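Asker: Take this sequence and fold it.
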Amino acid sequence: MLATWKLFAWVVTVVCCGTAHPIPSVRLVDRNWPKPFQGRVEVFYEGLNDLNQYVSGWFTVCDDGWDVLDADVVCRQLGFMGAAEAYHSSYFGAGSSRIGMDQVHCSGQEIRLQDCEFDGWFMHDCSHTEDAGVRCLVHDLASRHAIPVRLTMTKDEGFVEIRYRNLWGAIDKLYFGDEGARVVCGQLGYPNGVVDNCTTQECTVYRASILARGFLCNGGETTLSMCKLMHWGPFSEADGEYSTFDMAYVRCIKSPQHENATPSRATIIGANTFSTDKVRLLSEGVSIDNVLQIRLRGGVGPWEGRVEILGTWNHEEWRPVCDRDWEQYSANAVCRQLGYGTARTVYRGSHFGRGVGYIYNRGFQCHGSESMLRQCRDKDVEWHGCRHWQEAGVECYKPARVSEQVRLVDRVRIDNRHTGFVEVRDDISNQWHYVCDEGWSLLQARVVCRELELGFGYMARLRPSHNYNSDDSISVEYSCTGEELQLSDCRRNTFTTDEEGSGRDTRDVLNQSLLNDSTTAQKADRCHLGFAWVECVSILPDLLPDVEELRLSMTDYPRLVSVGALPCALEEGCFAKSAARHRGSYNHHRVLLRFTTRVMNHGRSPFVPHQPRENWKWHSCHRHYHSFEAFTIYHVIDENGRQVAEGHKASFCLEDSNCEEHAPTRLTHFNCRGLHGGRQGISVNCADTYQNTLDCQWVDVTDIPHGHYRLVIDVNPHRRVAETDLSNNAAYCDFGYNGPKMPITVKRCGMDPNWKSI
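Answerer: Numbering: from 1, shown residues only. As a prediction, the model looks like this:
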């Protein structure tokens, strides 16, 4: 009869699962601190009991023989990754129902607790003072519930301390080996670590409560909370003799690329090559063995971004990774290969914007112990049909760094952390000084926001100096590339002014170099026109030129046009300088290399002009407004690297010419129809296209001889509008020019300026 009932229950579950939630077979109960991941274990049973009576309800489990393997099965059954600890003696309170299971022995591989060996339903010799409990590993892809960890001596060495219920304490070194050290250091932003002994005098005076005993790690865990734990504390010396020799001491191992210098985006990211925004998938036979390098794109710093890999396949091009099988252990391998710790957050759905070109569509099979992605194995499956809105991303744990040298000050809105005047602190005087307005731009703003971990530098403005007082009159001028991790990495000039207003250089304090007094006074006067103001944001646009569209539009004959037929283009400076003396002539012809530029916004916010509409310039000849005077600039470079021709394109109509699938809206956000040039910009995953038939959509090559050249297209060239990635704004095409009567021969186009020859 019992077997018949089990069959009946199984049938009912199968039939009803599509319309109703089946009754769960295990739950955790904690009436004092109810949390879904910890509590007293109760199992659901419906059937005959030991007295041959029909029962249905929740019943407790006795703690006889209860261990982490049993708890593991319970936690996985509830959807967690495993168990952090097994509890005894009714730690979460005593139950009130009957005791259903006793002497449970699981191998750890069972799907349900009921599949483990036990004495039989309701067969026990226990009371409710022996109810079993568990705490599950609460670790999702964002690591929101990771146990906070720190080291006591320095950022990368010391006794391991964890925080539990707002209490910091040490952990016992019982069972804690190099595997545990690797996990701790990974959570602190380092790729590896070892257990060590403390030999300094500070170790003998260190005192702390021991909060945990018996962390069991295999080295592949992302955070310490994923390791198994035998006992929670706190423990005191009354529980045994405890000294610093009983506490785990760890020394983290820095990556070689971070050992002597701060990692820069240039050394980690590299350059993008041969990228188009047409979706093309990998051919058969490409595997992880071909992967040479990894980079992250579209993030605030080199520790986060869209995952792209470089391999030995066609043109050794960078390819974004498909997210369909993207998981924690693969992300850990990526982060460690880049010199960071484990993956703090694993992203899917092109969180850092869309990539371009081919997509790497094979999954990775990693186990957590890998230090490089190529140590993982290829999965047998290939994800055909993966699209650019399905790309993998990651944020890595990085070494903690609190900026004590830079701050943003908004004395009107004191609680505002993301905008304000930029101030820097002098280590010698310990005073804060304002930053000079001279040369201040978005490049410096990017560095400030990155250092303060406030996101991207969005706005770099100058604010008047009146009604604003700094601690003294020292002014600092910074020159940055935009890729530095902190403002102190930028080149800086420092100077002061005395009461009479004459300049006195103080670079002997900061830079050990001097300027002459006249130069310093001149710069100091300019500095007092205003101070640097920064606004930081979490999302930005990201413009990329369409390389394939550029290549296809160049495969044609150069165009011969008379100067007199295009007076507006001459007025806007779209011809070479030698054309000026032929103004108005219909007999003088110019040779024009025409092409189409299609610019895509692959970022996470719209791209809009830096100037408000009332400041756009009206051009009476073309009779339209320019929202950018130079939205794109063009260069032709010869084989020796010399520029032999140039051009530019003003944006008279910056709009959504077309949008990709899965764009935020299929309706065009921006268009140029309307008064004063309409509403101009480029929406996310939309493109603005200037066809090669338009004025100034060319380079005047009349004065260059036959030969081999490179065309360079640079979008947003003066970096007036902030973007997530400023290194992917240029496209390059190598071509052969044989005169106006011969077709252009395009050899190769891409986004890598470093290929060997043209």
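
Asker: Helices of the stretch 51-200 of the chain, residue ranges please.
Answerer: Using DSSP state H, counting those that start in this stretch, the helices of the stretch 51-200 of the chain run over residues 68-77, 178-187.

Asker: and if you look at the chain?
Answerer: Using DSSP state H, the helices found in the chain span residues 2-16, 68-77, 178-187, 201-205, 256-259, 265-269, 328-337, 442-451, 507-510, 517-527, 547-554, 567-571.

Asker: Would you indicate which residues of stretch 167-182 are buried?
Answerer: By 16 or more other C-beta atoms under 10 Å, the buried positions in stretch 167-182 come out as 169, 170, 171, 172, 173, 175, 176, 179, 180, 181, 182. For every residue, glycine as well, the C-beta is placed using N, CA and C.

Asker: so which of the helices of the stretch 51-200 of the chain is the most packed in?
Answerer: Burial of the helices of the stretch 51-200 of the chain is given as mean neighbour count (mean count of other C-beta atoms under 10 Å); helix 178-187 ranks first at a mean of 26.

Asker: Point out the other elements, helices or strands, that that helix touches.
Answerer: In terms of contacts (3 or more C-beta pairs under 8 Å, 6 or more residues apart in numbering; DSSP states H and E), helix 178-187 is packed against strand 149-151, strand 192-195, strand 249-253.

Asker: Any chance of JSON lines for these, columns distance to residue 640, mean neighbour count and mean pLDDT?
Answerer: Converted to JSON lines, the helices and strands packed on helix 178-187 look like this (distance: least, C-beta to C-beta, whole Å; neighbours: other C-beta atoms under 10 Å; pLDDT from 0 to 100):
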{"stretch": "strand 149-151", "distance to residue 640": "54", "mean neighbour count": "19", "mean pLDDT": "93"}
{"stretch": "strand 192-195", "distance to residue 640": "46", "mean neighbour count": "19", "mean pLDDT": "94"}
{"stretch": "strand 249-253", "distance to residue 640": "46", "mean neighbour count": "23", "mean pLDDT": "93"}
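
Asker: With distance to residue 64 as new columns, can those strands be given to me in a markdown table?
Answerer: Converted to a markdown table, those look like this (distance: least, C-beta to C-beta, whole Å):
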| stretch | distance to residue 64 |
| --- | --- |
| strand 149-151 | 34 |
| strand 192-195 | 34 |
| strand 249-253 | 36 |
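
Asker: Among those, single out whichever gets nearest to residue 85.
Answerer: strand 149-151 (16.7 Å; C-beta to C-beta).

Asker: follow-up on the earlier one: just put the helices of the stretch 51-200 of the chain in TSV and tack on distance to residue 635.
Answerer: Converted to TSV, these look like this (distance: least, C-beta to C-beta, whole Å):
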stretch	distance to residue 635
helix 68-77	60
helix 178-187	45
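
Asker: Least reliable of the ones you listed by average pLDDT, please.
Answerer: Between the helices of the stretch 51-200 of the chain, the lowest average pLDDT goes to helix 68-77, which shows a mean of 86.

Asker: residue ranges for the strands of the stretch 301-450 of the chain, please.
Answerer: Counting by DSSP state E, counting those that start in this stretch, the stretch 301-450 of the chain has strands at residues 304-311, 318-320, 343-347, 358-359, 362-365, 377-382, 393-396, 406-409, 419-425, 432-434.

Asker: Show me what the first one is packed up against.
Answerer: It refers to strand 304-311. Using 3+ C-beta pairs under 8 Å, 6+ apart, strand 304-311 sits against strand 291-298, strand 318-320, strand 393-396.

Asker: Pick out the shakiest of those strands, pLDDT-wise.
Answerer: Looking at the helices and strands packed on strand 304-311, the bottom one is strand 291-298 with a mean of 82.

Asker: hmm, back to that, I'd like to know which of the helices of the stretch 51-200 of the chain lies nearest to residue 684.
Answerer: helix 178-187 (33.5 Å).

Asker: my guess is residue 376 meets residue 330, correct?
Answerer: Yes - applying C-beta atoms under 8 Å, one finds residue 376 in contact with residue 330, separated by 6.5 Å.

Asker: which neighbours do the two share?
Answerer: Residues touching both residue 376 and residue 330 (C-beta atoms under 8 Å, 6 or more residues apart in numbering): 364, 366.

Asker: The two: which has the busier surroundings?
Answerer: Neighbour tally, residue 376 and residue 330, criterion other C-beta atoms under 10 Å: the higher count belongs to residue 330, 25 against 19.

Asker: wait, the more buried one sits on residue 368?
Answerer: No - using C-beta under 8 Å, residue 330 is not in contact with residue 368, being 9.7 Å away.

Asker: Tell me, how many residues neighbour residue 202?
Answerer: 13.

Asker: I'd say it and residue 157 touch.
Answerer: No - the criterion here is C-beta under 8 Å, and residue 202 misses it with residue 157 at 11.1 Å.

Asker: Pull up the per-residue confidence for residue 637.
Answerer: At residue 637, pLDDT is 94.

Asker: which one is it nearest to, not counting chain neighbours?
Answerer: residue 710 (4.7 Å; C-beta to C-beta, 6 or more residues apart in numbering).

Asker: ditto for residue 691
Answerer: residue 596 (5.3 Å).

Asker: Show the contacting residues for the one you found.
Answerer: Residue 596 neighbours (C-beta under 8 Å, 6+ apart): 549, 550, 552, 553, 689, 690, 691, 692, 697.

Asker: mind running it again at 7 Å?
Answerer: 549, 550, 553, 689, 690, 691, 692 (C-beta atoms under 7 Å, 6 or more residues apart in numbering).

Asker: Residue 396 now?
Answerer: 303, 304, 335, 338, 340, 341, 343, 344.

Asker: Just give me the neighbour total for the fourth one.
Answerer: When you say that, I think you mean residue 338. So residue 338, with other C-beta under 10 Å, has 25 neighbours.

Asker: For the stretch 351-500 of the chain, give me the ranges with low pLDDT.
Answerer: 380-384, 411-415, 462-476, 494-500 (pLDDT under 70).

Asker: Go again with 90.
Answerer: 351-390, 400-405, 407-442, 458-483, 485-500 (pLDDT under 90).

Asker: Pull the distance from stretch 635-642 to the chain's centre.
Answerer: Centre-to-centre, stretch 635-642 and its host chain are 35 Å apart (C-alpha atoms, centre = their mean, to the nearest Å).

Asker: out of the helices of the stretch 51-200 of the chain, nearest to residue 47?
Answerer: Nearest of the helices of the stretch 51-200 of the chain (C-beta to C-beta): helix 68-77, 18.8 Å.

Asker: Give me the packing partners of that closest one, helices and strands only.
Answerer: strand 83-87, strand 133-136 (3 or more C-beta pairs under 7 Å, 6 or more residues apart in numbering; DSSP states H and E).

Asker: Can I get it in PDB? Just the C-alpha atoms.
Answerer: Written as PDB, here are the backbone C-alpha positions of helix 68-77 (Å, rounded to 0.1, in the frame of the first residue of the first chain):
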ATOM      1  CA  VAL A  68      28.400  19.300   7.000                       C
ATOM      2  CA  LEU A  69      27.700  16.600   4.300                       C
ATOM      3  CA  ASP A  70      24.100  16.300   5.600                       C
ATOM      4  CA  ALA A  71      23.700  20.000   5.700                       C
ATOM      5  CA  ASP A  72      25.100  20.300   2.100                       C
ATOM      6  CA  VAL A  73      22.300  18.200   0.800                       C
ATOM      7  CA  VAL A  74      19.700  20.300   2.600                       C
ATOM      8  CA  CYS A  75      21.100  23.500   1.200                       C
ATOM      9  CA  ARG A  76      21.400  22.300  -2.400                       C
ATOM     10  CA  GLN A  77      17.900  21.000  -2.100                       C
END
